[in-house]
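**Q** Here is a sequence with its predicted model. Questions after.
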Amino acid sequence: MTGTLRAGLITTDRLTLEPLGVHHAAEMVQVLAGTALYRYIGGQAPTAEILAARYAAQTVGTSADRREVWLNWIIREEGRSIGFVQATLELEGPTSDVAWVVGEAFQGRGAATEAARAMVAWLRRRHPPVRITASIHPENLPSAAVARNLGLTPTGRLDADGEESWEDSAPPTI
């Protein structure tokens, strides 16, 4: 499975989810430049060099032990990058931990929900059944809203970073 599951192009009515490449680093620097983005996820705005190194590692596609598949997409609206979505698929579960980030200038218009829904639907078509999880800071209300729109519910379990685990009910059977 790890050799065959790769991020593919995904389209919605207004967005395109483009598989991540190192070449995206330069344009994503501006998208990820806002300081408010890091209030709940930690860290700081990356440089183009840091993003290029991160994207090079992510585009490998699997963990060293090949138990996880890493799927990453750049969210595009009208041809410009506005954020990213990602999924870490644990093959033994299978569970897919999903995440989304939309640049500050593009927030509040439903792009994160639309992109995350499209990604989850894509995952379920290509690797059913899959349980969907997400880790969200308890005060990050916009991300909690996206998670609820995906059908996820908070579990009350916090990880070491203080993020709460969210998950769907049972994965669909096919």
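**A** Received, thanks.
**Q** Strands of the protein, start to end?
**A** Read by DSSP state E, the chain holds these strands, from start to end of the chain: 10-11, 15-19, 68-77, 80-90, 95-102, 131-136, 153-158, 164-167.
**Q** Residue 81 versus the nearest residue to residue 31 once chain neighbours are set aside, what's the distance?
**A** Of all residues not flanking residue 31 in the chain, residue 103 sits nearest, at 3.9 Å (CB to CB, 6 or more residues apart in numbering). Every residue, glycine included, has its C-beta placed from N, CA and C. Computed as CB to CB, to the nearest Å, the residue 103 to residue 81 distance reads 8 Å.
**Q** list the residues that contact both of the two?
**A** Common neighbours of residue 103 and residue 81 (criterion: CB atoms under 8 Å, 6 or more residues apart in numbering): residue 31.
**Q** Helix or strand with the lowest mean pLDDT in this protein?
**A** Comparing helices and strands within the chain by mean pLDDT, DSSP states H and E singles out helix 38-41 as the least confident, with a mean of 92.
**Q** pretty sure the residue nearest to residue 31 is touching residue 29, no?
**A** No - the pair residue 103 / residue 29 is not scored as a contact, 10.5 Å apart, by CB atoms under 8 Å.
**Q** remind me, longest helix of this protein?
**A** Selection of the longest helix in the chain by residue count, based on DSSP state H, yields helix 111-126.
**Q** which strands and helices sit next to that one?
**A** Secondary-structure packing of helix 111-126 (3 or more CB pairs under 8 Å, 6 or more residues apart in numbering; DSSP states H and E): strand 10-11, strand 15-19, strand 68-77, strand 80-90, strand 95-102, helix 141-149.
**Q** Count the neighbours of residue 63 for me.
**A** Per other CB atoms under 10 Å, the neighbour tally for residue 63 reads 14.
**Q** Contact partners for the closest residue to it other than its chain neighbours?
**A** Residue nearest to residue 63 in three dimensions, not counting chain neighbours: residue 70, with 7.4 Å by CB to CB, 6+ apart. Contacts of residue 70 were listed using CB under 8 Å, 6+ apart, and they are 58, 60, 61, 62, 63, 86, 87, 88, 89.
**Q** any idea which of the residues you listed is closest to residue 18?
**A** When the contacts of residue 70 are compared for distance to residue 18 (CB to CB), residue 86 comes out closest, at 12.7 Å.
**Q** Excluding sequence neighbours, find me the nearest residue to that closest one.
**A** Using CB to CB, 6+ apart and skipping residues adjacent in sequence, the residue nearest residue 86 is residue 72, 4.5 Å away.
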